[in-house]
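Participant: Here is the input, now give the coordinates:
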Amino acid sequence: MSASKLEYIWLDGTTPTQGLRSKTKVIHDFSGKLEDAPIWSFDGSSTQQAVGNSSDCLLKPVAIYHDPARVNAYLVMTEVLNADGTPHETNGRATIDDHDNDFWFGFEQEYFLWDPETNLPYGFPVGGYPAPQGPYYCGVGADKAFGRDLVEEHLDICLEAGLNVEGINAEVAAGQWEFQIFAKGADSAGDQIWVARYLLERTAEQYGLIINWHPKPLGNTDWNGSGMHANFSNSVLREAGSKEVYDKICEAFAPVIKEHMAVYGAYNEERLTGKHETAAHDEFSYGVSDRGASIRIPIATVENDWKGWLEDRRPASNADPYTAAARIIKTVKSAS
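Facilitator: As a prediction, this is how the structure comes out:
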């Protein structure tokens, strides 16, 4: 009788940014199928999701992946339910209105590798700064790319797990990196981003490093912040063939700036200043190939006779992809 290790992963109730939690369930003769992963429970009073005299919360499996780093193991992404089976208030996945997977999302997840001994990005010298940003983006060499071994190991693990990672690159600041994930369906895109984040955190443990998801960890300095640009489309955008359709959808975002910013990540106003290829957090703009706009219309969309996708550049690196996608979907549908 074989034993399988199922790592149940969920989002806790930490504010203003939810954290990842996980625990292992051992199941004998497990089929490897999502439908055979049982609902489990946990102590919500220890994760800021319940009070002590009524602490049981449920973990409902929503996606399953092979875990390459462990023997006979699986990664089980779950959503949190109340004891009565209703979605918990911290369950952003339950807010997504995309039941037919018409919406496709490609998230560009940026982050900093962080050295806990110096409390600085990996590669920053103690008591100072490295050379100004410029040579680090897609850079090569020990003086430009810091932490490549960890980043490469994370990529291999994600691909072996079955996550649809489409690429990685060093980013604009020293110690800053990015990976991209694409999925057809907002649920799946969110599941994969969260599992990839989990694997990055777990892999970094072996290197003695921390993953810093803060959108502006170096504060008000001349160093780029970190985002999670959201590339998105639905059948209307993919088949429009009309600039007017794109204008109408983009303009639907203008009146709901606050609603989007509310779910685009904590401290995002420190990043969205109008500098460093960002639009101001309290303004809205869009334009073709404009990386300083709130929403960029990719040139590929224009060249393909206005059939393609849009990129919302505002979501922060610490944003919940579930709630960010849910808000984007709601706004796009309002323009239909």
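
Participant: going forward, measure contacts and count neighbours with C-alpha atoms only.
Facilitator: OK.

Participant: so Val62 is in which element?
Facilitator: strand 56-66 (DSSP states H and E).

Participant: Could I get the full set of helices for the stretch 151-300 of the chain?
Facilitator: For the stretch 151-300 of the chain, the helices defined by DSSP state H, counting those that start in this stretch cover 186-205, 235-239, 243-251, 257-261, 299-303.

Participant: Make CSV out of the ones you listed and add mean neighbour count and mean pLDDT.
Facilitator: Below are the helices of the stretch 151-300 of the chain laid out as CSV (neighbours: other Cα atoms under 10 Å; pLDDT from 0 to 100):
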stretch, mean neighbour count, mean pLDDT
helix 186-205, 22, 98
helix 235-239, 17, 97
helix 243-251, 16, 98
helix 257-261, 17, 98
helix 299-303, 15, 97
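
Participant: Could you provide those in a markdown table, with additional columns for distance to Asp43?
Facilitator: Formatted as a markdown table, the helices of the stretch 151-300 of the chain follow (distance: least, Cα to Cα, whole Å):
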| stretch | distance to Asp43 |
| --- | --- |
| helix 186-205 | 20 |
| helix 235-239 | 42 |
| helix 243-251 | 43 |
| helix 257-261 | 31 |
| helix 299-303 | 48 |
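
Participant: For stretch 7-14, give the mean pLDDT please.
Facilitator: For stretch 7-14, mean pLDDT rounds to 98.

Participant: What residues of it count as buried?
Facilitator: If you call a residue buried by 16 or more other Cα atoms under 10 Å, then stretch 7-14 has these buried ones: Glu7, Tyr8, Ile9, Trp10, Leu11, Asp12, Gly13.

Participant: Need those in JSON lines (columns: secondary structure).
Facilitator: Formatted as JSON lines, the buried residues of stretch 7-14 follow (DSSP: H, G, I helix; E, B strand; the rest coil):
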{"residue": "Glu7", "secondary structure": "strand"}
{"residue": "Tyr8", "secondary structure": "strand"}
{"residue": "Ile9", "secondary structure": "strand"}
{"residue": "Trp10", "secondary structure": "strand"}
{"residue": "Leu11", "secondary structure": "strand"}
{"residue": "Asp12", "secondary structure": "coil"}
{"residue": "Gly13", "secondary structure": "coil"}
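
Participant: Which of those sits closest to Ala196?
Facilitator: Ile9 (11.3 Å; Cα to Cα).

Participant: can you pull the contacts of Pro298?
Facilitator: Residues in contact with Pro298 (Cα atoms under 8 Å, 6 or more residues apart in numbering) are Val288, Ser289, Trp309, Leu310, Glu311.
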